[in-house]
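**Student:** 3D model of this:
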Amino acid sequence: MKYVTTIGGHTYHVEVIDEHHIVLDGKPYEVDFTAIANQPVYSLLINGRSLEANAFQTGEGWQVLLHGKMFEARVEDEQAVRARAVAHAAPETANEWLLRAPMPGLVVNITTSIGAEIKKGAPLVILESMKMQNELRSQKDGTVKEIRIQPGQAVDLHQVLVVVG
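**Tutor:** Purely as a prediction, here's the structure:
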(Lines give C-alpha, C1' and ligand atoms only; values in the text may rest on other atoms or scores of the structure.)
Protein backbone atom coordinates (compact mmCIF):
# COMPACT_ATOMS: atom_id res chain seq x y z
CA MET A 1 0.00 0.00 0.00
CA LYS A 2 1.33 3.45 -0.91
CA TYR A 3 0.70 6.63 1.07
CA VAL A 4 1.41 10.33 0.69
CA THR A 5 2.27 12.05 3.97
CA THR A 6 2.54 15.82 4.37
CA ILE A 7 4.34 17.30 7.38
CA GLY A 8 5.12 21.00 7.61
CA GLY A 9 4.61 21.58 3.90
CA HIS A 10 6.94 18.73 2.91
CA THR A 11 5.51 15.69 1.14
CA TYR A 12 6.82 12.16 1.77
CA HIS A 13 5.99 9.05 -0.23
CA VAL A 14 5.63 5.92 1.91
CA GLU A 15 5.16 2.41 0.60
CA VAL A 16 4.30 -0.31 3.11
CA ILE A 17 5.96 -3.47 1.81
CA ASP A 18 4.93 -5.74 4.69
CA GLU A 19 4.46 -5.61 8.46
CA HIS A 20 8.17 -4.86 9.06
CA HIS A 21 9.39 -3.11 5.90
CA ILE A 22 8.63 0.27 4.32
CA VAL A 23 10.14 2.43 1.61
CA LEU A 24 10.28 6.16 2.45
CA ASP A 25 11.03 8.41 -0.51
CA GLY A 26 12.77 5.52 -2.25
CA LYS A 27 14.87 4.44 0.77
CA PRO A 28 14.05 1.06 2.43
CA TYR A 29 13.62 0.80 6.21
CA GLU A 30 13.06 -2.07 8.59
CA VAL A 31 10.40 -1.07 11.13
CA ASP A 32 8.52 -2.35 14.15
CA PHE A 33 5.49 -0.36 15.30
CA THR A 34 3.60 -1.18 18.51
CA ALA A 35 0.89 0.62 20.48
CA ILE A 36 1.66 0.76 24.20
CA ALA A 37 -1.10 -0.27 26.65
CA ASN A 38 -4.09 0.96 24.60
CA GLN A 39 -2.79 4.53 24.81
CA PRO A 40 -1.95 6.95 21.98
CA VAL A 41 1.71 6.10 22.65
CA TYR A 42 3.66 4.12 20.08
CA SER A 43 7.00 2.35 20.23
CA LEU A 44 8.91 2.50 16.97
CA LEU A 45 12.02 0.65 15.90
CA ILE A 46 13.41 2.03 12.66
CA ASN A 47 16.49 0.22 11.36
CA GLY A 48 17.23 -0.78 14.97
CA ARG A 49 16.82 2.78 16.37
CA SER A 50 14.20 3.04 19.14
CA LEU A 51 11.72 5.94 19.23
CA GLU A 52 8.60 6.67 21.23
CA ALA A 53 5.84 8.93 19.91
CA ASN A 54 2.39 10.10 20.92
CA ALA A 55 -0.07 10.24 18.02
CA PHE A 56 -3.58 11.69 18.03
CA GLN A 57 -5.96 11.67 15.09
CA THR A 58 -7.55 15.04 14.36
CA GLY A 59 -10.24 16.04 11.88
CA GLU A 60 -7.58 16.95 9.32
CA GLY A 61 -4.93 14.29 10.00
CA TRP A 62 -2.63 13.44 12.88
CA GLN A 63 -0.78 15.30 15.62
CA VAL A 64 2.46 13.52 16.45
CA LEU A 65 4.56 14.40 19.49
CA LEU A 66 8.15 13.21 18.97
CA HIS A 67 11.21 14.33 20.97
CA GLY A 68 9.14 17.10 22.57
CA LYS A 69 8.10 18.61 19.22
CA MET A 70 4.55 18.57 17.86
CA PHE A 71 4.10 17.76 14.18
CA GLU A 72 0.90 18.04 12.14
CA ALA A 73 0.75 15.16 9.65
CA ARG A 74 -1.71 14.39 6.89
CA VAL A 75 -1.59 10.78 5.69
CA GLU A 76 -3.51 9.79 2.60
CA ASP A 77 -3.70 6.71 0.46
CA GLU A 78 -1.93 7.43 -2.83
CA GLN A 79 -5.08 6.39 -4.72
CA ALA A 80 -7.15 8.84 -2.65
CA VAL A 81 -4.77 11.66 -3.58
CA ARG A 82 -5.20 10.83 -7.27
CA ALA A 83 -8.99 10.48 -6.86
CA ARG A 84 -9.18 13.87 -5.11
CA ALA A 85 -7.23 15.49 -7.93
CA VAL A 86 -9.80 14.15 -10.39
CA ALA A 87 -12.71 15.06 -8.09
CA HIS A 88 -11.57 18.70 -7.91
CA ALA A 89 -12.55 18.94 -11.56
CA ALA A 90 -16.19 18.42 -10.48
CA PRO A 91 -17.55 20.67 -7.70
CA GLU A 92 -18.79 18.97 -4.51
CA THR A 93 -22.49 19.42 -3.88
CA ALA A 94 -23.23 21.84 -1.06
CA ASN A 95 -26.07 19.66 0.24
CA GLU A 96 -24.33 16.33 0.89
CA TRP A 97 -20.98 15.13 2.11
CA LEU A 98 -19.99 11.47 1.84
CA LEU A 99 -17.72 9.88 4.42
CA ARG A 100 -15.69 7.41 2.40
CA ALA A 101 -13.31 4.80 3.79
CA PRO A 102 -9.80 6.28 3.53
CA MET A 103 -8.41 2.73 3.57
CA PRO A 104 -9.72 -0.83 3.55
CA GLY A 105 -10.60 -1.99 7.05
CA LEU A 106 -13.11 -3.30 9.57
CA VAL A 107 -15.87 -1.15 11.10
CA VAL A 108 -15.32 -1.31 14.87
CA ASN A 109 -18.03 1.15 15.93
CA ILE A 110 -20.51 3.68 14.56
CA THR A 111 -20.61 6.70 16.86
CA THR A 112 -23.65 8.42 15.34
CA SER A 113 -27.17 7.61 14.21
CA ILE A 114 -29.49 8.53 11.36
CA GLY A 115 -31.09 11.91 12.00
CA ALA A 116 -28.35 13.08 14.38
CA GLU A 117 -27.40 16.76 14.08
CA ILE A 118 -23.61 16.92 13.96
CA LYS A 119 -20.87 19.55 13.79
CA LYS A 120 -17.75 19.52 11.66
CA GLY A 121 -15.18 17.32 13.40
CA ALA A 122 -17.76 15.09 15.12
CA PRO A 123 -16.69 11.42 15.21
CA LEU A 124 -18.82 9.19 12.98
CA VAL A 125 -17.09 5.81 12.56
CA ILE A 126 -14.17 3.94 14.09
CA LEU A 127 -12.38 1.94 11.40
CA GLU A 128 -9.61 -0.58 12.14
CA SER A 129 -6.89 -1.00 9.56
CA MET A 130 -3.38 -2.43 9.88
CA LYS A 131 -3.98 -3.07 13.62
CA MET A 132 -4.78 0.61 14.25
CA GLN A 133 -8.15 2.12 15.10
CA ASN A 134 -8.92 5.31 13.17
CA GLU A 135 -11.67 7.73 14.23
CA LEU A 136 -13.30 9.09 11.07
CA ARG A 137 -14.88 12.52 11.54
CA SER A 138 -17.38 14.70 9.71
CA GLN A 139 -15.98 17.37 7.45
CA LYS A 140 -19.14 19.50 7.66
CA ASP A 141 -22.01 20.50 9.93
CA GLY A 142 -25.25 18.75 9.09
CA THR A 143 -27.64 15.87 9.66
CA VAL A 144 -26.75 12.20 9.28
CA LYS A 145 -28.91 11.10 6.34
CA GLU A 146 -27.65 7.53 5.79
CA ILE A 147 -25.40 4.99 7.48
CA ARG A 148 -24.38 2.41 4.91
CA ILE A 149 -22.32 0.09 7.11
CA GLN A 150 -22.64 -2.11 10.21
CA PRO A 151 -20.21 -2.77 13.08
CA GLY A 152 -18.02 -5.75 12.20
CA GLN A 153 -18.34 -5.13 8.46
CA ALA A 154 -15.26 -5.15 6.23
CA VAL A 155 -15.10 -2.10 3.94
CA ASP A 156 -13.13 -1.27 0.83
CA LEU A 157 -11.10 1.82 0.01
CA HIS A 158 -13.41 4.75 -0.92
CA GLN A 159 -16.58 2.85 0.07
CA VAL A 160 -19.29 5.29 1.25
CA LEU A 161 -19.84 4.78 4.98
CA VAL A 162 -22.04 7.72 6.05
CA VAL A 163 -23.97 10.44 4.21
CA VAL A 164 -24.23 13.86 5.89
CA GLY A 165 -26.66 16.42 4.48
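**Student:** so what's Phe71 bridging to?
**Tutor:** Beta bridges link Phe71 to Val64, judged by DSSP bridges.
**Student:** can you check the one 5 residues further on too?
**Tutor:** With DSSP bridges as the criterion, Glu76 is bridged to Val4.
**Student:** can I assume it is in contact with Thr11?
**Tutor:** No: shown here, Glu76 and Thr11 do not form a contact pair, counting by CB atoms under 8 Å, at 10.2 Å. Bear in mind the C-beta positions are built from the backbone N, C-alpha and C, glycine included.
**Student:** Quick check: next helix or strand after the helix or strand bottoming out on mean pLDDT in the chain?
**Tutor:** The least trusted helix or strand in the chain, going by mean pLDDT, DSSP states H and E, turns out to be helix 78-87, with a mean of 67. From helix 78-87 onward toward the C-terminus, using DSSP states H and E, the following helix or strand is strand 97-100.
**Student:** what's the distance between the next helix or strand after that next one and the middle of its chain?
**Tutor:** Using DSSP H and E, the helix or strand that follows strand 97-100 towards the C-terminus is strand 105-110. Its chain's C-alpha centre and that of strand 105-110 lie 13 Å apart, by CA atoms, centre = their mean, to the nearest Å.
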